[in-house]
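Asker: 3D, please:
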Amino acid sequence: MTATIRWDEAFPLLRLEGVGARHFLQGQTTADLSKVADGELRQSCWLTATGRLRALLELRFDATGADVLVLAGDAQAVSRGFDQVIFPADRVRLVSSGRQRRVQGLDPVCSELWLGEDEPLPDELVGSKCLESDALERHRLQQGFPPGPSEMNGETNPLELGLSGRISLDKGCYLGQETMAKLASKAGVKQQLRCWSSDQPLHPGDQLKVGTDRAGTITSALCNSTEGTFGLALVRRQFLDFPCVAGPAGQSVQLSQPAAFQVLQA
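Answerer: Numbering: from 1, shown residues only. The predicted model follows:
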């Protein structure tokens, strides 16, 4: 199926060299990587020990190691974090970094591809329009994916941001696994990501309210002359089913579940 628009962008890339790359990433990230075929792309999250999301990664294994594309987050922090916990027994070393072109059709959504800088597009993407930065940000806010810096603020976890499809609850121990297991089984999340829209201007950091209760916080906002203001917000659990809340000055704010979040929970 031919896509009409595409996401075509270069991202930071780290290289792990050695036969222990798969085992190392299995213990450092959230997805079950034990049966991922060489050449297959698989997304996984890198967490703190307490389950906070630090980076969203896209991984590709080969016969001699693994490439780690940083789809969201601080690539230098990922590099430093990996380097600090690599030991000789891991049989892996962090050897290089660079950038990797990543291409994905968005309408309809197609599988992601890694291409060379001047490599031609596959047939299903020929003729598609490459979204520029403003249009790409608009699409991100409507989809809720990937999370931006204000959503990955050092306090959020993958389940709050709709990334449950990147989390394995039964692969064994990994960094942040205990927190993920608790949230999934008993505790639940205290907030979740929602799309919002309003015909009045709102800004990141603005508080959302229901009566006198705090309902959530706006994390991202974009103003459009024809569509008003819209973006993403972290909404407290007890207000997730509310179709409308109020802004800090009484503005009417409509809430909806991000499309990417719906796919992950289906």
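Asker: pLDDT-wise, which helix or strand of the protein ranks last?
Answerer: The weakest-scoring helix or strand in the chain, judged by mean pLDDT, DSSP states H and E, is helix 259-265 (a mean of 56).
Asker: need the contact list for residue 78.
Answerer: 14, 46, 54, 55, 57, 68, 70 (Cβ atoms under 8 Å, 6 or more residues apart in numbering). Bear in mind the C-beta positions are built from the backbone N, C-alpha and C, glycine included.
Asker: elements contacting whatever helix or strand the fifth one lives in?
Answerer: Counting by DSSP states H and E, the secondary-structure element that holds residue 57 is strand 53-62. When contacts are defined as 3 or more Cβ pairs under 8 Å, 6 or more residues apart in numbering; DSSP states H and E, strand 53-62 packs onto helix 21-28, strand 41-47, strand 65-73, helix 75-85.
Asker: Just put the contacts of residue 78 in JSON lines and tack on distance to residue 27, neighbour count and pLDDT.
Answerer: Below are the contacts of residue 78 laid out as JSON lines (distance: Cβ to Cβ, whole Å; neighbours: other Cβ atoms under 10 Å; pLDDT from 0 to 100):
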{"residue": "14", "distance to residue 27": "16", "neighbour count": "22", "pLDDT": "98"}
{"residue": "46", "distance to residue 27": "11", "neighbour count": "24", "pLDDT": "98"}
{"residue": "54", "distance to residue 27": "15", "neighbour count": "19", "pLDDT": "97"}
{"residue": "55", "distance to residue 27": "16", "neighbour count": "21", "pLDDT": "98"}
{"residue": "57", "distance to residue 27": "14", "neighbour count": "26", "pLDDT": "98"}
{"residue": "68", "distance to residue 27": "14", "neighbour count": "29", "pLDDT": "98"}
{"residue": "70", "distance to residue 27": "18", "neighbour count": "23", "pLDDT": "98"}
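Asker: Please consider this matter closed, and thank you.
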